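Peer 1: just to be clear, the model below is a prediction. Sequence and coordinates:
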Amino acid sequence: MKRPTAALLAIVAAALLAQPGARALDSRTRVHVEALASDGFDGRLTGSPGERLAGDYIVAQLKKIGAKPLPGRDDYRLPFEFTAGTRDGGSSISVASGTSVAAGVESGSVHDFKSRADVQALSFSDNAEVTAPIVFAGYGLVVPDSQDFGYDSYAGLDVKDKAVLVLRYFPEDADLKTRGILARYSDLRYKAMAARQHGAKAMLVVTGPRSPNAGETIPMSFDTALAGSGIVAASISGNVGKAMFTGLADKSLEGVQRSLDSGDPHVTGFAIPNLTVTVRTSVEREKQTGYNIAAYLPATMGTAAVIKPWIALGAHYDHLGHGGNGLSLAGKEEAGRVHHGADDNASGSAAVMAVGEVIATQPRHRNVVLDFWSGEELGLIGSAAFATTPPIALDQLAAYLNFDMVGRMQDNKLTVQATGTSPLWAKIIEQANVVAGFDLQLQQDPYQPTDVATFNEASVPSLNFFTGTHADYHRPSDTADKINYEDLDRVVDFAAAITRRLEDLDEAPPFSKVQQTQPGGGRAGVRVFTGTIPDYSTEVKGLLLGGVIAGGPAEQAGLQKGDVIVEIAGQSITNIYDYTYALEVLKIGQPAKVAYVRLGERKETTLTPGARK
């Protein structure tokens, strides 16, 4: 289906803004949810025309209640840059037989491949050109010793300063238990890290003739990585793979794959003699601009007598567009349709607008900020951008209230998260609930996958309101007709009552740093716990810490927010994925050396992982 043009969407937005007031009498939130979750806003994907139109709608509502741009600004929009996707900018590979890198070109043949059907960069590849001898490393799998399962595709191979050729996926014919173990380490990023750790300059991936999608290159998928992974990495076709095996009289690509497919760890790879490849990868990372929306209702009674004169309420208004960025849970029959995001998170945005409408009619001892985040679905990048360059001083925020998926209440249950961020929350929540009458589910943990985590890291007492997940989550079927508007309006009244109590406090709620509650039960085995909180929003080579969990191993090791981990337990780290995989080599209670960069200076410490059950 052809997507609506910006002009058409503008007409739709204008029509929504002109809806008669009688429609909204049955609910203060319905009109907002129906507008934001309409087809006209096209799923509100960050950086899209639909996001901008949703922003226009929100700004119009803010103006209607008298909210003003933040001090020093003349616009309600706060722009931020993000990586919206990747594409191949023209990669190529040459396969030269009878050559030697050291001696130069000798007699032999050269086969050049430039079409995307034959070669495509992988989305996490560095942009570079590598000329090197080639080594076949089987499936390129390395299972850490901690798994008590011996499998190392690089055993006995010298791949330093060479290009490695590896098969996609994992052994096809192995028994179920072996396949389960190997599948876990078959992710292409993990294979790339293993190749890099062994000194390879490049990794080439071929889909073997015995595998699904045999011989096809791997399409470049959406990847939020802001930089490469420290190695040249490309997908090649079966034709390119066969060209590499041409000079091997006793081997074929299909034959060696068959010998590996049993899962026998003793079947090894081999160097391909008299063969040199030159591979050039080009990954173009598309930068776009997203927009947070922010306004405030100035205090009407002066702020001289109060400490921390600001309160903020926020919700993300972005969603998944048509679900093309890999985050959709749509079934095949739903693929490509508008993901309306009525509960996620038109409901939260509607709640913030409705609370603002209530607060605007009342006297206020504090300034009340109304924030609407974009980029939440991509990793909290909008709120993180706000916290990185705050338009108001975060240490002047008395509290932050977040709303994410508050429109599908069941059995009168309202979950309030992050209650451990201040000792005052229990009393304030209890007082406000006398009238509201919810069956409250209180959770102290502020380390939630929503924007409340950003403010917890900024040491702001915070709460997050949530009515639970459901089968329509991240699917086109999350539509406005399924919202429970009566209970959503009750959430608005409850949050407005909490906000009023916060406004009347002379002293701001004190902040408490919460030690993260480790999840228990329901998971097989024991995983290591390091207590690190990654920052996904900033381009850096390594793992940038957005914070550390109070009392966790990282804090005990002296690590802190802003540190960049570049090595752990001998594994070099260039991004979050490397770090995730490196955790597999750690053992509970066994100290590991960590190298990190703080303010441009490389430092080392020792971190002792704990257990996460």
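Peer 2: Everything's here; your move. Computed from a predicted structure; not experimentally measured.
Peer 1: can you pull out the helices in the stretch 501-613 of the chain?
Peer 2: Using DSSP state H, counting those that start in this stretch, the helices found in the stretch 501-613 of the chain span residues 553-556, 576-582.
Peer 1: might you list the low-confidence residue ranges for the protein?
Peer 2: Residues of the chain that meet the criterion pLDDT under 70 lie in 1-25, 99-107, 146-147, 222-227, 326, 516-527, 536-539, 612-613.
Peer 1: go again with 50.
Peer 2: Along the chain, segments meeting pLDDT under 50 span 1-13, 15-24, 99-106, 517-526, 613.
Peer 1: do a quick rundown of the helices in it.
Peer 2: Using DSSP state H, the helices found in the chain span residues 6-17, 30-36, 49-64, 176-184, 188-197, 238-245, 253-260, 347-360, 381-388, 425-436, 452-457, 485-504, 553-556, 576-582.
Peer 1: show me the one of these that comes nearest residue 130.
Peer 2: helix 188-197 (11.8 Å; C-beta to C-beta). Placement of C-beta: from N, CA and C, glycine included.
Peer 1: quick one on the thing from earlier: can you lay out the helices of the stretch 501-613 of the chain as CSV showing distance to residue 211 and mean neighbour count?
Peer 2: Below are those laid out as CSV (distance: least, C-beta to C-beta, whole Å; neighbours: other C-beta atoms under 10 Å):
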stretch, distance to residue 211, mean neighbour count
helix 553-556, 39, 20
helix 576-582, 22, 21
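Peer 1: residue 438: which of those helices is closest?
Peer 2: Nearest of these (C-beta to C-beta): helix 553-556, 34.4 Å.
Peer 1: quick check: phi and psi at residue 72.
Peer 2: Backbone torsions of residue 72, given as degrees, to the nearest 10, read phi 80, psi 0.
Peer 1: ok, now which ones touch it?
Peer 2: residue 391 (C-beta atoms under 8 Å, 6 or more residues apart in numbering).
Peer 1: what about the residue most central in space within the chain, distance to residue 534?
Peer 2: Central residue of the chain (C-alpha atoms, centre = their mean): residue 379, 3.7 Å from the mean position. Distance, residue 379 to residue 534, by C-beta to C-beta, to the nearest Å: 9 Å.
Peer 1: could you do residue 478 as well?
Peer 2: Residue 478 is 27 Å from residue 534, by C-beta to C-beta.
Peer 1: over to residue 205?
Peer 2: Taken as C-beta to C-beta, the span from residue 205 to residue 534 is 26 Å.
Peer 1: of those two, who's got more company?
Peer 2: residue 205 (24 against 16; other C-beta atoms under 10 Å).
Peer 1: is that one bridged to anything, and to what?
Peer 2: residue 166, residue 235 (DSSP bridges).
Peer 1: if we can go back for a sec, quick one: which of the helices of the stretch 501-613 of the chain is nearest residue 331?
Peer 2: Once the helices of the stretch 501-613 of the chain are compared by C-beta to C-beta, helix 576-582 is nearest, at 27.6 Å.
Peer 1: packing partners for that closest one?
Peer 2: Counting contacts by 3 or more C-beta pairs under 8 Å, 6 or more residues apart in numbering; DSSP states H and E, helix 576-582 packs against helix 188-197, strand 532-534, strand 543-548, strand 564-568, strand 571-572.
Peer 1: can you list contacts of the last one?
Peer 2: This means strand 571-572. Contacts of strand 571-572 (C-beta under 8 Å, 6+ apart): 193, 196, 197, 230, 566, 578, 581, 582, 585.
Peer 1: report the two of those residues separated the most.
Peer 2: 230 and 585 (17.2 Å).
Peer 1: ok, the two, which is more surrounded?
Peer 2: The residue with more neighbours, out of residue 230 and residue 585, is residue 230; 20 against 17, by other C-beta under 10 Å.
Peer 1: got phi/psi on the nearest residue to that one once chain neighbours are set aside?
Peer 2: Counting by C-beta to C-beta, 6 or more residues apart in numbering, residue 574 is the residue found nearest to residue 230 once chain neighbours are left out, at 4.1 Å. Main-chain torsions, residue 574, degrees, to the nearest 10: phi -120, psi -10.
Peer 1: thinking residue 574 is in contact with residue 542, fair?
Peer 2: Yes. Counting by C-beta atoms under 8 Å, residue 542 is a contact partner of residue 574 at 6.3 Å.
Peer 1: buried ones in stretch 589-600?
Peer 2: 592, 594, 595, 596, 597 (16 or more other C-beta atoms under 10 Å).
Peer 1: who does the residue nearest to the third one when sequence neighbours are not counted form a beta bridge with?
Peer 2: Nearest-residue entry for residue 595: residue 567, 3.9 Å, with adjacent residues in sequence omitted and distances by C-beta to C-beta, 6+ apart. Beta bridges link residue 567 to residue 572, residue 595, judged by DSSP bridges.
Peer 1: wait, residue 567 sits on residue 574?
Peer 2: No. Using C-beta under 8 Å, residue 567 is not in contact with residue 574; the gap is 10.1 Å.
Peer 1: about what we covered before: quick one, which of the helices of the stretch 501-613 of the chain gets closest to residue 301.
Peer 2: So among those, helix 553-556 is nearest, using C-beta to C-beta, at 40.5 Å.
Peer 1: and residue 586, how far from residue 559?
Peer 2: 14 Å.
Peer 1: what about stretch 85-103, distance to the chain center?
Peer 2: For stretch 85-103, the distance from its own C-alpha centre to the chain's C-alpha centre is 32 Å (C-alpha atoms, centre = their mean, to the nearest Å).
Peer 1: correction: stretch 530-544
Peer 2: 11 Å.
Peer 1: show me which residues of it are buried.
Peer 2: Counting neighbours by 16+ other C-beta under 10 Å, the buried set in stretch 530-544 is 530, 531, 532, 533, 534, 535, 536, 537, 541, 542, 543, 544.
Peer 1: which residues does the fifth one contact?
Peer 2: With contact taken as C-beta under 8 Å, 6+ apart, residue 534 is in contact with 543, 544, 545, 546, 576, 579.
Peer 1: re the thing from before, adding distance to residue 81, write the buried residues of stretch 589-600 out as JSON lines.
Peer 2: As requested, those are exported to JSON lines (distance: C-beta to C-beta, whole Å):
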{"residue": "592", "distance to residue 81": "35"}
{"residue": "594", "distance to residue 81": "30"}
{"residue": "595", "distance to residue 81": "29"}
{"residue": "596", "distance to residue 81": "26"}
{"residue": "597", "distance to residue 81": "23"}
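Peer 1: for these, which one is nearest residue 165?
Peer 2: For these, the nearest to residue 165 is residue 595 (30.7 Å; C-beta to C-beta).
Peer 1: so how far is residue 232 from residue 173?
Peer 2: Taken as C-beta to C-beta, the span from residue 173 to residue 232 is 31 Å.
Peer 1: which of the two has more neighbours?
Peer 2: Neighbours were counted for residue 173 and for residue 232 using other C-beta under 10 Å; residue 232 has more, 28 against 12.
Peer 1: how much space is there between the residue nearest to the centre of the chain and residue 452?
Peer 2: 14 Å.
Peer 1: how near is the nearest residue to residue 71 once chain neighbours are set aside to residue 561?
Peer 2: Nearest non-adjacent residue to residue 71, counting by C-beta to C-beta, 6+ apart: residue 392, 7.1 Å away. According to C-beta to C-beta, residue 392 and residue 561 sit 20 Å apart.
Peer 1: and those two? Which one has more around it.
Peer 2: The neighbour comparison of residue 392 against residue 561 (other C-beta under 10 Å) goes to residue 392, with 18 against 13.
Peer 1: show me the contacts for the residue nearest to residue 230.
Peer 2: Counting by C-beta under 8 Å, 6+ apart, the residues that residue 574 touches are 227, 228, 229, 230, 541, 542, 566.
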